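Student: Output the structure for:
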Amino acid sequence: MSNLAKDAKKQSEPYDFVQIANSSKFKQLMSQKKRFLIPLTVFFLLFYFMLPILTSYTTILNKPAIGSITWTWVYAFAQFIMTWVLCMIYVRKAIKFDHLAAEIVEENKLEGAKNE
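Tutor: From the prediction side, this is the model:
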């Protein structure tokens, strides 16, 4: 059997996604993702919305930081850096989550094959 036929057969094998969703490893994975994503999202939103709040209701960022460049511009530029850093952190962590998810699916496929 060719590799293409083997791949097609692998893709047609049924998975019991209800069993996967109810497994302790899957629940642990979802818990880990939640513990990672919620604080990251809260930090992003707070950092992002602080600029319009601080510029609208205070004069804190109006002071010069470097020459005639005010802290408003420094903060705005920092948002770009923050976005890229959080994106890189997320991608690295997501790769680990994807590997764990693939392992969970494979384990459940193997258990299903043993039961048949």
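
Student: tell me what the lengthiest helix in the chain is packed against?
Tutor: The helix spanning the most residues in the chain, taking DSSP state H as the definition, is helix 71-115. Taking 3 or more Cβ pairs under 8 Å, 6 or more residues apart in numbering; DSSP states H and E as contact, the helices and strands that helix 71-115 lies on are helix 17-22, helix 24-57, strand 64-66. Just so you know, the C-beta spots here come from the backbone N, C-alpha and C atoms, and that holds for glycine as well.

Student: Find the nearest non-adjacent residue to the residue nearest the centre of the chain, please.
Tutor: Nearest to the centroid of the C-alpha atoms of the chain, with distances taken as Cα atoms, centre = their mean, sits residue 90, at 4.6 Å. Leaving aside its sequence neighbours, residue 90 sits nearest to residue 40 (Cβ to Cβ, 6 or more residues apart in numbering; 6.9 Å).

Student: OK, contacts around the one you found?
Tutor: If a contact means Cβ atoms under 8 Å, 6 or more residues apart in numbering, then residue 40 has 86, 89, 90 as its contacts.

Student: what's the spacing between it and residue 22?
Tutor: Shown here: residue 40 relative to residue 22, a distance of 27 Å by Cβ to Cβ, to the nearest Å.

Student: Also residue 15?
Tutor: Shown here: residue 15 relative to residue 22, a distance of 13 Å by Cβ to Cβ.

Student: Then residue 29?
Tutor: According to Cβ to Cβ, residue 29 and residue 22 sit 13 Å apart.

Student: which stretches of the protein have low pLDDT?
Tutor: 1-14, 110-116 (pLDDT under 70).
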